[in-house]
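Engineer: Okay, predicted coordinates and the sequence, questions at the end:
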Amino acid sequence: MILPALLPLILQQQDGEGGFFFPPVASDLAIASDSLFFTILYLSGFFFAIIVFTTLYFVWKYHHTKCPEPQPSPVHNNTIEIIWTVVPTILLAWIFFEGFEGFMARKTPPPDAYEIHAQGRKWSWNFTYPDGTESSVLHLPLGKAVRVNLASSDVLHSLFVPAFRVKMDVVPGRYEQLWFTPTMLGEFDVYCAEYCGTNHSAMTTTAVVHSQEDFDAWLSEAGDFMTKLSPIEAGERVFASKGCAACHSVAGVAGIGPALNGRFGQERKLSDGSSVTFDANYVRESLLDPAAKIADGFQPIMPTFQGQLDDDKMRVLVEYIKSLQ
Amino acid sequence: MTESSATSHVHDEHVAHHFDDAAQQFETGKLGIWTFLLTEVLFFSGLFVVYSTLRNNNPEVFAYAAQFLDTKLGFLNTCVLLLSSFTFALGVRNAMLGQTKALGINLVITFLCAAGFMGIKYQEYSHKYHEGLLWSGSEHSVFKANLDDVHPEIRAHSSVWGDAQKLTPEFRHEVGQFFAIYFCLTGLHGIHVLLGMILIAWLLMRNARGDFGPNNFNAVDFGALYWHLVDLIWIFLFPLLYLIA
Amino acid sequence: MTLDHKRLGLMYLWSIIAMMFLGGAFVMLIRAELFSPGEDFVSADTFNQLFTLHGAIMVFLVIIPSIPAALGNFVLPLMLGAKDVAFPKLNRMSYHLYVIGAILFVASMLATGLDTGWTFYAPYSTSDSPAHRAILYAVFGAFVLGFSSIFTGLNFLVTIHKMRPPGMTWFKMPLFLWAIYATSIIQILATPVVGITLLLVAVERMLEIGIFNPALGGDPVLFQHMFWFYSHPAVYIMLLPAMGVMSELMSTYSRKSIFGYRYIALSSVAIAVVSFVVWGHHMYVSGQSVLVSVLFSAITFFVAVPSAVKVFNWIATLYKGSIRLTSSMIYGLGIIWLFGIGGLTGLWLAALETDIHLHDTYFVVSHFHFVMVGSAIMAFLGGIHHWWPKFYGTMLNEKVSLWGAGLLFVGFNLTFLPQFIAGTQGMPRRYFDYAERFEGYNQISTVGAFLMGFSILLIVINFLRAIRSGKPAPANPWGAVTLEWNTAPIPDPHNFDDAPVVGDPYDLSIFKWDEAEGGYVPTRPVPGLPYIALPNADSTESQH
């Protein structure tokens, strides 16, 4: 009898940790969502225990060695049928209603929510901040309502942050949104939760929750990096924020795309048999019209960055790639 | 409903072994064909749902695009199919009364009507192909979002090219959607007409063998029901596609 | 080739078991790969094909046909007192279509690259995945299998309507037949919609027709609506026959009439009908409107009630019975546990707020395996054990059967219980690689999966051995009263010469266990029951 009472202590969150079932409770929505989860758990657990116990008891009590013949008993009973129809219906209606309330609360972001744009594309996430800063990591300020506007460049994806208990499909051809308020500092997994092809399980990144001051500092540094950093460092930043590493290694390992280190200035063999010098023009062309020249042995699946990289950004990218050994 | 008697000694050659009698066989077959027709309705309903979704999203696009369909040919096709349903229904009556020759004639007329329908359909389709009145994804379509993608032959020969150039890229794309669903609906319907023609040919062959008579006309009856459904689907298609301009 | 429904049923049985091994082999590779994070044996691309094929084969070639096509075909006409189904040639064609569908799936495997998931979501399936030929073969294969399913449902529906013997009114029918009837309604009404949906996927791939691909002006969420319009009722095609088997098992092995017959019968049809209006609960985060999500959630909770009512009625059947723990009964009792968990975990997914976190995680994977495997496949196996004596006139080795049932039950729980936690902790599904913190759950799950594989092997080898060398079966080893037991140990090709006499299909008091005889004997003379045979006597005694 003590164990069921202790169950909440064992299973549920303690001080923001998720406990047995959940990752950390890192957003306002997580608290409500987990609360409903446990309500359903205790209710279901109770009825499940009754069902299992009754079954086992009957099997033991009416085993044929004890009861060689069945005893007379009614084959139907309208009263009990009504009871075990109506009672579950009421309980289920209640659970529905709780779920409905929580759902509705998630649907309307506060009008002053901080807006971030999330672009999903095979196989990386790209986040754009109100001042135009881009990042492949989702930096967030603690305690501030955030509204994420979602769009896809190609197929269905889904932005999922388990610690915040948020998820929304990213649908090509339309905009979606989700909103939440981060309530805990730290780094949390961000996943793609809608199957999108070969590297679906690699389409992950991190949500980093900073204090407001730290967030502001990050944002100004990230936004300013083109002027503040050397070209090579700036190029490294662009490389990271655009999610290039999802396909291109800088350490010599071929992935979905060729590795980029030690290539600049070399001859590259292309899939049509011709060859090209890996120079600044080749890099620029690969960014704007990636299908024009495909490296031998690879698939023509690199997305275009036309409209997403201005000349300055492409210039520093070239510098960065040049620098890779 | 199900009549049962000790019938294992009386075997009507037309009654299958697992049935008690001809009445049960007929009743069973009837329920079977109606159930099958229900599945056909649901099969087409998927396309009708796509139609309503697309039309609901772009009502003005559909009204615009429907002008490119030839209402006269569509109406002619409607009459042809209605006539064919009538002759097939007459044929069922012929079968019931053992009028083998009349049945044969009616089946032939039905077949010719169906062939006529397919002929008119072919006319419509080839006209559309030459004019580029196709879905945007097709190479030959005049309704490409990007005008540069339109095939040079279409640019040269299509009377719709002038109109197409005046539309916005989005509108062109959406007009293409009308033709997408037009070809899906009429195409699937056309396949069912062809299957119906095979069915009628089979009935003609069996009739020539003398299979049908007052004790055995189930196949003709059930075949006619199939044909009536094919006709009915067209009765829905015609106004939804041709008459909304 | 044969038109006999019994032989067709057995042909289905072995085809389905073969396909189960194929789909099972794929999942063994998946679970081996997932034992630890990172790439171990297969590439990400191969992994994606493995889960796609596992899902597609298990859904279309195994679970959906399983009970109706194998058990239904064999048992239904016998249970109905009929000589065959309404349309034996159509029945044979259903089987041929099944084989063609299977061949098309093999063609898809040989073409390689099918990596869309069994759900074929657009635009990945219609325009993005490079596996052009593999997708076309698979989609046409599923289309053909759809027709196999439709014709089977049509056949059974008409048979039940038109070929019941005199005296067998609707409410005198055994519950297995009610279950098959309700299933047939779904097969007939829902399958055509997935047929047209898959056809449109094929057309979009081949002709770039742009219904679902937004780059061509289409709507990817429309695909999801059309797909789930079938695929949700489809899970009840899998579940309702299982519930029918459960009613037969609970009653036979408690020696008691099923409790609440009418409620169970009518709840089957209620589930069939309501199952058509809940599909959107797969799509709460898809971008469908809030109103629509709310409606679907409400109706989904409503459909849970008749299922719960059935479970209560089964347990009430045990009350004051005389329970024999045969292997079939072990399967049945296990289902109470497994369906309990499967059904209850559906509540978290039906509730809007909790579903957001759990959607597309391992929580969902575990939930549907508890219902599709833990309930439907367990009932399939339990049904095979129950009706086996009629298939070949032999008995299964009961000891091995018990071991198989027990090990499978343990293996199943070991495989899938940890997956609930992996899901709540945030592990998404269809993931080739995963974060370190999920490793423990995956390792336990893999061990369980291999135990399951071993158990299935044991169970099927047990079947194979019993064909030739099983003990000869009496006509009615379980003392059951439904009409299929009122036949010779192996039923005659035409089942019954005359329409059998119909009584209460659950009046098990007719038979009583006789220890001396080692079998069930009639307690009173009952007209029209010629095939009562005693286990040790000559089993061909009959009186017409």
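Structural biologist: Good, I have the coordinates.

Engineer: in chain B, which residue is closest to the centre?
Structural biologist: B:His189 (3.4 Å; Cα atoms, centre = their mean).

Engineer: how close does that residue sit to chain C?
Structural biologist: 12 Å (Cβ to the nearest Cβ, to the nearest Å). All C-beta atoms are positioned from the backbone trio N, CA, C, and that covers glycine.

Engineer: Would you confirm that that residue contacts B:Phe236?
Structural biologist: No: counting by Cβ atoms under 8 Å, B:Phe236 is not a contact partner of B:His189; they are 9.7 Å apart.

Engineer: Make sure the residue nearest to the centre of chain B is indeed in a strand.
Structural biologist: No: counting by DSSP: H, G, I helix; E, B strand; the rest coil, B:His189 falls outside a strand, being helix.

Engineer: residue contacts, it?
Structural biologist: Contact analysis of B:His189 by Cβ atoms under 8 Å, 6 or more residues apart in numbering or on different chains lists B:44, B:230, B:233-234, B:237.

Engineer: which ones are touching the residue in the stretch 51-200 of chain C that chain A sits nearest to?
Structural biologist: Closest approach between the stretch 51-200 of chain C and chain A, counting by Cβ to the nearest Cβ: C:Tyr124, at 4.5 Å. Neighbouring residues of C:Tyr124 by Cβ under 8 Å, 6+ apart: A:155-156, A:195-197, C:116.

Engineer: now with 10 Å?
Structural biologist: Residues near C:Tyr124 by Cβ atoms under 10 Å, 6 or more residues apart in numbering or on different chains: A:122, A:154-156, A:194-197, A:200, C:115-117, C:135, C:213, C:220.

Engineer: Need the three-state assignment for C:Asn161.
Structural biologist: Asn isn't right for residue C:161; it's His. Quick answer, by three-state DSSP: C:His161 is helix.

Engineer: since we're on it, how many residues are nearby?
Structural biologist: 19 (other Cβ atoms under 10 Å in any protein chain shown).

Engineer: just the helices in the stretch 151-300 of chain A please.
Structural biologist: Applying DSSP state H, counting those that start in this stretch to the stretch 151-300 of chain A gives helices spanning A:212-223, A:225-228, A:231-241, A:280-288.

Engineer: Quick check: which helices or strands does the last one pack against?
Structural biologist: So the one you mean is helix A:280-288. strand A:275-277, helix A:311-323 (3 or more Cβ pairs under 10 Å, 6 or more residues apart in numbering or on different chains; DSSP states H and E).

Engineer: so which of those is the most packed in?
Structural biologist: Stretch with highest mean neighbour count among these: helix A:311-323 (a mean of 19; mean count of other Cβ atoms under 10 Å in any protein chain shown).

Engineer: Show me what it is packed up against.
Structural biologist: Looks like helix A:311-323 contacts helix A:225-228, helix A:231-241, helix A:280-288 (3+ Cβ pairs under 10 Å, 6+ apart).

Engineer: Out of these, which is closest to C:Phe420?
Structural biologist: helix A:231-241 (35.8 Å; Cβ to Cβ).

Engineer: outside of the closest one, which residues touch it?
Structural biologist: By Cβ under 10 Å, 6+ apart, the residues outside helix A:231-241 that reach it are A:124, A:126-128, A:133-137, A:221-222, A:225-230, A:244-245, A:248, A:250, A:260, A:305, A:309, A:312-324.

Engineer: Now do that helix against helix A:311-323, angle only.
Structural biologist: Calculated by axes from the mean of the first three to the mean of the last three Cα atoms, to 10 degrees, helix A:231-241 forms an angle of 100 degrees with helix A:311-323.

Engineer: in helix A:231-241, what's buried?
Structural biologist: Neighbour-count burial for helix A:231-241, counted by 16 or more other Cβ atoms under 10 Å in any protein chain shown, picks out A:231, A:234-239, A:241.

Engineer: now stretch A:81-96
Structural biologist: Buried, per 16+ other Cβ under 10 Å, within stretch A:81-96: A:81, A:84-85, A:88, A:91-92, A:95-96.
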